[in-house]
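Colleague: Quick one: sequence plus predicted model below, questions after.
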Amino acid sequence: MWIALVTGIVACEPEAPPRAGIEVDIGVHVVAFEIPRDWHHVDHGREQLFELETAQISLADFGPMTAKGFAEIIRRARELFRSNQWEDARTLLMTTDPRRFFSSEVRWKSVRDEWKQITHIRRDEEAGESVGVSADVEWQVEGAFTQLLAEVNALRDPDFETVALRALEDIGHDEMRAIARTEAFALSGRPAMRIDTWDRLSHRGRRQHLFIANAGHLLVLRTEMGPANVLEAGFEELASSLVLAHDQGSGPGA
Amino acid sequence: MHRFLALATMGLATFIAGCGGDSGSSPDSAVRSPAEWAALLSESEVFVWDDQPIEFSLPPVDWVSEREQSGGLMGVRYVKQKSVGERIHVAEYTSVGKKDRCKELEDLMRELDDLNAREFAKRLQRARPYAQHPLNASETEGSERANERLDDARTAHRSGDLDEVRDRISAAIWDLHWVDYSLDDVVEPAIFTGKGYEQFGKIEVFEPVRGEVAGEPSLSLDYSFVAHDSGRTYHGREVYVEHNNRLFVASFQGLQENLPLFDALVATIQFPAGSCEH
């Protein structure tokens, strides 16, 4: 009788549903993760969103982080341009902030004109869909691609911490916030860095960021908005479940 | 003095807002030893509001932190939840720290290669020490010498000799390292007088007392305030301490029974090394 009663109590314990594991393509990254319990997952391709009421966490491809990765984007844009898809070429380049690859404003300004020459091509409103660019413009843009590639190939890659800190600034880290914690480690064999920030004056409003170097691109998991305790719990669950597919990396810092 | 008035007004608002709460008292509060009060504090954290770090143990979790950015102060305020508007704040007077141009000059040196002539001239002008109202003789002398070095740096930049520019800026930073304020040089405009409180109650401000915080001379001042509307008596304590040419204040407004908690917090204050030491 006693044994039966104990068994009955154990059986009444509500069993937690298994968490959902999922694998997605995020730009160049192939990433597997478990969706935290009760969180809603939205797949936007290059950006994955996780929502729980007002709380939101994102996992996104921040584009190329090395000169090699940036040069690859430029080469792909040149191919598009040469096949008369110059609007797609411009769109591809505009997904990347070129300034992050240059160590100083002076170096960036040395190629800014070439960059503008490529990205500022506009369609004549009266022209048809399939219209090409004139020969003299084509010649100028080809020259700009060549010059830009030469400059980018000569760039030295910043270390991963610098890349992560620049990305942090890109997403709104300013002088009103301070870094609360930094931790470098490896995730699926890739360089990774956890950076937590908080309000510089009160140390409230803690935000978590995880930067991962993969295939020359930067993958970023970060808390965006919502109650701090909910965000932190969701972030920790996501971060601990993240796995990158092993056929994507290529060497240290890849 | 304007910054003090703003601060005083804010403090009054806290009193008034808190008048409907419960007393927040605990029956054993009067019998705790200083060590027991210290044990109530949370782990310490390092804050860098300008460029001089300050470290202290935080109040218990029911004292919720907020930004303190008013009345010329920059820092953190902790408000006790479900209390009568009790609060502790620890903050820095920005007007004192801003006189130090060391960080601006170090940033200028670091970014020198990226600046054209116009940008350099603008940054140099912003980084110059100004001593129209010097706090003591060391500031007058240090600023004069540093400005002469910076004149030389400007001339060197015109001739394109960036190594010479760096040398001259380094020399200016060295000169500014000799500027040294005492607590008495900087504390007078910040001292609490109780002005503005009379219309809301009866305030009595006591004589300042000299002491020591984190190995530095400090000035501590107590006051009591009896609110007209509730008849409740509040106690206040302001502790001023100068470190590395920065003026910090730790302040308590609330019930007598929680004053030892504030004293325990002040006892944990330390000043880790900053980027510009004097």
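Modeller: Good, I have the coordinates.
Colleague: Need the single longest helix in chain B, by residues.
Modeller: helix B:137-158 (DSSP state H).
Colleague: ok, that helix near chain A or not?
Modeller: No: Helix B:137-158 lies apart from chain A when judged by Cβ under 8 Å from any Cβ of the partner chain; the minimum separation is 14.9 Å. C-beta: built from backbone N, CA, C; applies to glycine.
Colleague: The helix or strand following that helix vs helix B:137-158, what angle?
Modeller: Sequence order places helix B:162-177 as the next helix or strand after helix B:137-158, per DSSP states H and E. With axes from the mean of the first three to the mean of the last three Cα atoms, to 10 degrees defining the directions, helix B:162-177 sits at 170 degrees from helix B:137-158.
Colleague: what about helix B:162-177, near chain A?
Modeller: No: in terms of Cβ under 8 Å from any Cβ, no part of helix B:162-177 sits within range of chain A; the closest distance is 12.3 Å.
Colleague: who's in contact with that helix?
Modeller: B:100-102, B:105-106, B:108-109, B:112-113, B:129, B:142-143, B:145-147, B:149-150, B:152-153, B:156-157, B:276-278 (Cβ atoms under 8 Å, 6 or more residues apart in numbering or on different chains).
Colleague: neighbours around residue 136, how many?
Modeller: Answering for chain A, as no chain was given. 8 (other Cβ atoms under 10 Å in any protein chain shown).
Colleague: nope, chain B please
Modeller: The number of residues near B:Asn136, taken as other Cβ under 10 Å, comes to 15.
Colleague: Identify the residues contacting B:Gln52.
Modeller: By Cβ under 8 Å, 6+ apart, the neighbours of B:Gln52 are B:Glu92, B:Gly97, B:His243, B:Asn244, B:Arg246, B:Phe271, B:Gly274, B:Cys276.
Colleague: who wins for most neighbours among those residues?
Modeller: So for these (other Cβ under 10 Å), the most neighbours sit at B:Arg246, 26 neighbours.
Colleague: Spell out the residue ranges of the helices in the stretch 151-254 of chain A.
Modeller: With DSSP state H, counting those that start in this stretch as the criterion, the stretch 151-254 of chain A has helices at A:160-170, A:228-241.
Colleague: quick one, domains of chain B?
Modeller: B:2-96+B:182-267, B:101-177 (automatic domain parsing).
Colleague: Could you check how far the first one is from the centre of its chain?
Modeller: In this view, domain B:2-96+B:182-267 has its centroid 12 Å away from the chain centroid, taken as Cα atoms, centre = their mean, to the nearest Å.
Colleague: pLDDT below threshold where in chain A?
Modeller: A:1-20, A:122-134, A:247-254 (pLDDT under 70).
Colleague: oh, I was asking about the stretch 101-250 of chain B
Modeller: By pLDDT under 70, the stretch 101-250 of chain B has no low-scoring segment.
Colleague: So which bits of it are right by chain A?
Modeller: Residues of the stretch 101-250 of chain B lying close to chain A (Cβ under 8 Å from any Cβ) are B:Asp113, B:Asp114.
Colleague: In the stretch 101-250 of chain B, which residue sits closest to chain A?
Modeller: Closest to chain A within the stretch 101-250 of chain B is B:Asp114: 4.4 Å, counting by Cβ to the nearest Cβ.
Colleague: name the helices or strands packed onto the one helix or strand A:Lys109 maps to?
Modeller: Element membership for A:Lys109, per DSSP H and E: helix A:105-119. Counting contacts by 3 or more Cβ pairs under 8 Å, 6 or more residues apart in numbering or on different chains; DSSP states H and E, helix A:105-119 packs against helix A:86-94, helix A:135-153.
Colleague: deepest of these, which one?
Modeller: helix A:86-94 (a mean of 17; mean count of other Cβ atoms under 10 Å in any protein chain shown).
Colleague: relative to helix A:105-119, how tilted is that helix?
Modeller: 160 degrees.
Colleague: Packing partners of helix A:86-94?
Modeller: Counting by 3+ Cβ pairs under 8 Å, 6+ apart, helix A:86-94 packs on helix A:67-82, helix A:105-119.
Colleague: send the alpha carbons of that helix over as CSV?
Modeller: Output in CSV follows, covering the C-alpha atoms of helix A:86-94 (Å, rounded to 0.1, in the frame of the first residue of the first chain):
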residue,chain,number,x,y,z
TRP,A,86,24.1,45.9,-60.9
GLU,A,87,21.2,46.7,-58.6
ASP,A,88,21.7,43.3,-56.9
ALA,A,89,25.4,44.1,-56.8
ARG,A,90,24.7,47.4,-55.0
THR,A,91,22.3,45.7,-52.6
LEU,A,92,24.8,43.0,-51.7
LEU,A,93,27.5,45.6,-50.9
MET,A,94,25.1,47.8,-48.9
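Colleague: Tell me what angle that helix forms with helix A:135-153.
Modeller: Using the same axes, to 10 degrees: helix A:86-94 against helix A:135-153 is 20 degrees.
Colleague: ok, what's across the strand from B:Ala91?
Modeller: Per DSSP bridges, the residues bridged to B:Ala91 are B:Gly75, B:Val249.
Colleague: Specify the residue positioned farthest from the middle of chain B.
Modeller: Most distant from the centre of chain B: B:Ser159, at 41.5 Å, with distances by Cα atoms, centre = their mean.
Colleague: I'd like the helices and strands packed on helix A:86-94 as JSON lines, with distance to B:Leu41 and mean neighbour count appended.
Modeller: JSON lines is the format used below for those (distance: least, Cβ to Cβ, whole Å; neighbours: other Cβ atoms under 10 Å in any protein chain shown):
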{"stretch": "helix A:67-82", "distance to B:Leu41": "48", "mean neighbour count": "19"}
{"stretch": "helix A:105-119", "distance to B:Leu41": "46", "mean neighbour count": "16"}
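Colleague: sec struct for A:Ser103, please.
Modeller: Here A:Ser103 is coil, with the state taken from DSSP: H, G, I helix; E, B strand; the rest coil.
Colleague: That one and A:Pro158 touch, don't they?
Modeller: Yes: using Cβ atoms under 8 Å, A:Ser103 is in contact with A:Pro158, at 6.9 Å.
Colleague: So those two - more neighbours on which side?
Modeller: A:Pro158 (18 against 14).
Colleague: Quick check: buried residues in stretch A:224-241?
Modeller: Using 16 or more other Cβ atoms under 10 Å in any protein chain shown as the burial criterion, the residues of stretch A:224-241 that qualify are A:Gly226, A:Val230, A:Leu231, A:Glu232, A:Ala233, A:Gly234, A:Phe235, A:Glu237, A:Leu238, A:Ala239.
Colleague: quick one: which of the helices of the stretch 151-254 of chain A is nearest chain B?
Modeller: helix A:228-241 (12.0 Å).
Colleague: For that closest one, name the packing helices and strands.
Modeller: Using 3+ Cβ pairs under 8 Å, 6+ apart as the test, helix A:228-241 ends up in contact with strand A:29-35, strand A:47-52, strand A:55-64, strand A:207-214, strand A:217-225.
Colleague: so which residue of the stretch 1-150 of chain A comes closest to chain B?
Modeller: Taking Cβ to the nearest Cβ, the stretch 1-150 of chain A has A:Ser104 as its residue nearest chain B, at 4.4 Å.
Colleague: Correct me if wrong: that residue contacts B:Asp113.
Modeller: Yes: at 6.3 Å, A:Ser104 counts as touching B:Asp113 under the criterion of Cβ under 8 Å.
Colleague: how near is the most centrally placed residue in chain B to A:Arg207?
Modeller: What sits nearest the mean C-alpha location of chain B, by Cα atoms, centre = their mean, is B:Glu92, with 1.6 Å. Distance of B:Glu92 to A:Arg207, computed by Cβ to Cβ, to the nearest Å: 24 Å.
Colleague: one step back: hmm, B:Asn244 and the residue nearest to the centre of chain B touching each other?
Modeller: No: the pair B:Glu92 and B:Asn244 does not pass the contact test of Cβ under 8 Å, sitting 10.9 Å apart.
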